[in-house]
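Q: Sequence and predicted structure, then a few things I'm wondering about:
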Amino acid sequence: MNKSVVSVIGWHNAGKTTFIVRLIEELKRRGLRVATIKHSREDLRLDTVGTDTWRYTQAGSDVVAISGKGCFALFEYPAEEPDLEAILARVPDYVDLVITEGFKRANTPKIEVVRSGIGEGPIASVGELLAIVTDKVSVHKGVPQFTPEDVSGVVDLLFEREIIKKQGSQ
């Protein structure tokens, strides 16, 4: 894997998305370019019913793209769900960090979000974890632990561990 990637994992409603939003905001504040990939177990339909692109999809197009000022979207309808490697190959090279939500089985450094009263214990093993973001005390010994608000500390760790290879403008 050539791209800088970190996977944020955790139980449903543990606060993964909220943490990722804060993480993106901090990375952007530091001048970095970010891509985000979310894994969903549900069937996805992102296009809007009745639009031209929706009509192309309904007609059977396997790939539909739309481009306009300030945005480009590509809708693909593959026969099988692509794995993370295939998705990462599509991410532009100008991106400094790819953050995934989910992909708990992928071979990527992981940040596990743990929240009191949510889930059935840790998902990742100590060896897979880069860090834990939690409101609890000592979830895993020997793994750096941060509060959900300490995104700056997490970004510093990403640089320290060379997950992010370049320092943006600070």
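A: Sure thing, it's come through. Residues are numbered from 1 along each chain as shown.
Q: need the helices for the chain, in chain order.
A: Applying DSSP state H to the chain gives helices spanning 16-29, 52-59, 84-90, 151-160.
Q: Kindly reformat those as TSV containing mean pLDDT, distance to residue 122 and mean neighbour count.
A: (Each C-beta comes from the backbone N, C-alpha and C, glycine too.) Formatted as TSV, the helices of the chain follow (pLDDT from 0 to 100; distance: least, CB to CB, whole Å; neighbours: other CB atoms under 10 Å):
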stretch	mean pLDDT	distance to residue 122	mean neighbour count
helix 16-29	97	14	17
helix 52-59	89	40	14
helix 84-90	93	21	14
helix 151-160	97	18	18
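Q: out of those helices, which comes closest to residue 119?
A: Checking the helices of the chain against residue 119 by CB to CB gives helix 16-29 as the closest, at 11.2 Å.
Q: Kindly present the helices of the chain as CSV, with separate columns for distance to residue 130.
A: What follows is those, written out as CSV (distance: least, CB to CB, whole Å):
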stretch, distance to residue 130
helix 16-29, 12
helix 52-59, 38
helix 84-90, 16
helix 151-160, 7
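Q: Nearest to residue 141, out of the ones you listed?
A: Taking these one by one with CB to CB, helix 151-160 is closest: 16.9 Å.
Q: And the closest one, what does it pack against?
A: Packing partners of helix 151-160 (3 or more CB pairs under 8 Å, 6 or more residues apart in numbering; DSSP states H and E): helix 16-29, strand 129-134, strand 145-146.
Q: For stretch 96-104, output the C-alpha coordinates as CSV.
A: The C-alpha trace of stretch 96-104 is given here as CSV (Å, rounded to 0.1, in the frame of the first residue of the first chain):
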residue,chain,number,x,y,z
ASP,A,96,-1.7,13.4,2.1
LEU,A,97,-3.8,11.0,4.2
VAL,A,98,-6.7,8.6,3.6
ILE,A,99,-9.0,8.1,6.6
THR,A,100,-11.2,5.1,6.4
GLU,A,101,-14.2,4.5,8.6
GLY,A,102,-14.7,0.8,9.1
PHE,A,103,-12.5,-1.7,7.2
LYS,A,104,-11.6,-3.3,10.5
